[in-house]
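Visitor: below is the structure, and that's it, no one-letter string:
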């Protein structure tokens with residue numbers, strides 16, 4: 001709100017980790033294995049400004065955690081006051097049902113109205129900057145391409161990468 005941005009963009013990304021045969025989730029699957037990506041990793045939520053520059057990263061969740069679950073735990077409680085003040089958060093379809101101020105494309109039928117199709121295309125194009133934020137973090141710092149340490153250290157590594165990215169840009173803003 002203090003930056004007077006028209007919106008912020010939220011997206012989740014998987015930071016790959018070395019294969020880990022660790023704790024299992026309640027369904028019996030490996031917690032750090034992402035079925036969506038077919039690899040082990042940590043789910044990180046990245047909040048970007050309207051230009052696609054990452055301004056905040058969440059703590060790491062096991063790769064089996066869905067984006068909406070990680071967002072509800074780490075991000076959304078902080079974004080709701082900003083949404084109430086008029087700053088919406090743009091997300092992808094995976095965040096449906098997230099609550100107030102979270103704007104996402106709808107799952108439309110073939111017979112959808114042209115207004116609904118246009119709304120979705122606008123949201124998708126505006127939210128695409130979040131993909132840039134994920135790419136900046138993961139492609140700038142090799143450490144985020146594959147983590148071979150304890151996966152619980154992913155939070156510190158990602159936060160350090162964000163701070164270094166801000167220092168490299170010339171604006172040292174807080175990672176948390």
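Guide: Ah, there it is. Treat the numbers as computed from the prediction; the structure is a model and nothing was measured. Numbering: from 1, shown residues only.
Visitor: contacts for the helix ranked longest in the chain, please.
Guide: Under DSSP state H, the helix in the chain containing the largest number of residues is helix 154-169. The contact list for helix 154-169 (CB atoms under 8 Å, 6 or more residues apart in numbering) reads 15, 17, 42, 44, 53-54, 56-57, 59-60, 136-137, 140-141, 143-144, 147, 149, 172-173, 175-176. Placement of C-beta: from N, CA and C, glycine included.
Visitor: of those residues, select the buried ones using a ChimeraX command.
Guide: Of the contacts of helix 154-169, the buried ones go into a single ChimeraX selection, burial set by 16 or more other CB atoms under 10 Å:
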select :15,17,42,44,53,54,56,57,59,60,136,137,141,143,144,147,175
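Visitor: can you show me the helices along the protein?
Guide: 67-74, 76-84, 114-127, 129-140, 154-169.
Visitor: now stretch 111-127: how far from the chain's centre is it?
Guide: 21 Å (CA atoms, centre = their mean, to the nearest Å).
Visitor: tell me the buried residues in that stretch?
Guide: 119, 120, 123, 126, 127.
Visitor: the first one and residue 136: what is the separation?
Guide: Distance, residue 119 to residue 136, by CB to CB, to the nearest Å: 28 Å.
Visitor: so which of the helices of the chain is nearest residue 11?
Guide: helix 129-140 (3.6 Å; CB to CB).
Visitor: tell me which other helices or strands that closest one touches.
Guide: strand 8-16, strand 39-48, strand 54-57, helix 154-169 (3 or more CB pairs under 8 Å, 6 or more residues apart in numbering; DSSP states H and E).
Visitor: closest one to residue 88 among the ones you listed?
Guide: When the helices and strands packed on helix 129-140 are compared by CB to CB, strand 8-16 sits nearest residue 88, at 7.9 Å.
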